[in-house]
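Trainee: could you work out the structure for the sequence below:
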Amino acid sequence: MAASAAQEVRLIGGRWKRTPLAVPALPGLRPTPSRVRETLFNWLGQDLSGWRVLDAFAGSGALGFEAASRGAQSVCMLERHPVLVQSLRAMQTKLKATEVQVVQTDALAWMQRLSGTAPAFDLVLLDPPFDDDLFAAALQAARHCVPVGGWIYLEAPEATDTVPDLRLHRQGRAGAVHYHLFQRVAGGDDVSRRPVAG
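Mentor: Here you go, the predicted structure:
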């Protein structure tokens, strides 16, 4: 859904609870709604201390800053749009969020380059532009970024539950957005590296 005017969303948990995040007025930018973020972090557990998080297609940064607010050890935000990169870096500076790194890059290509390397993240957050149909490719690339037991969150316009090496842990819907939490598995091994609530 295209934004027609600058707006803001607020972080809902952790040390920066109620902090507003600016949302630049750009077509197609859809910050994850508060109730969806609340559900996601209820699924994951409220304390992400020690977690390494990748926020691909970061956009407004609502998901990544929410993870950092809840104690994530590191959050790498990938965003290619220069206006959004500038906004993310301004918020990083404002919050003195030293655990957050903002990288101006194509998120899909960046993740694909990690194929064949040791998994670097415990959680990958995927909210690709709905008009670009990157969902299957993004999930495929994200699989290389987490170890067995790691977590991948996806927002998409349609529900999906069949992905190689990923087990659907939870899913929900808010309006036109379907949101999913997958866990990477191997050989039917569903042992979690990071326990989750619920």
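
Trainee: excluding its backbone neighbours, what's nearest Val9?
Mentor: Pro31 (4.6 Å; C-beta to C-beta, 6 or more residues apart in numbering). Where you see a C-beta, it was placed from the backbone N, CA and C, and this is true even at glycine.

Trainee: can you tell me the SS state at that neighbour?
Mentor: coil (DSSP: H, G, I helix; E, B strand; the rest coil).

Trainee: got the contact list for it?
Mentor: Val9, Leu21, Val23, Gly59, Ser60, Ala62 (C-beta atoms under 8 Å, 6 or more residues apart in numbering).

Trainee: can you list those residues in TSV and add pLDDT and secondary structure?
Mentor: Output for those, formatted as TSV (pLDDT from 0 to 100; DSSP: H, G, I helix; E, B strand; the rest coil):
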residue	pLDDT	secondary structure
Val9	88	strand
Leu21	88	strand
Val23	83	strand
Gly59	91	coil
Ser60	90	coil
Ala62	93	helix
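
Trainee: for these, could you give me JSON lines that also reports neighbour count and distance to Gln86?
Mentor: Output for these, formatted as JSON lines (neighbours: other C-beta atoms under 10 Å; distance: C-beta to C-beta, whole Å):
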{"residue": "Val9", "neighbour count": "20", "distance to Gln86": "17"}
{"residue": "Leu21", "neighbour count": "21", "distance to Gln86": "13"}
{"residue": "Val23", "neighbour count": "21", "distance to Gln86": "13"}
{"residue": "Gly59", "neighbour count": "26", "distance to Gln86": "13"}
{"residue": "Ser60", "neighbour count": "26", "distance to Gln86": "12"}
{"residue": "Ala62", "neighbour count": "25", "distance to Gln86": "16"}
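
Trainee: for Leu95, state which of these is nearest.
Mentor: Proximity of the contacts of Pro31 to Leu95 (C-beta to C-beta) peaks at Leu21, which lies at 9.6 Å.
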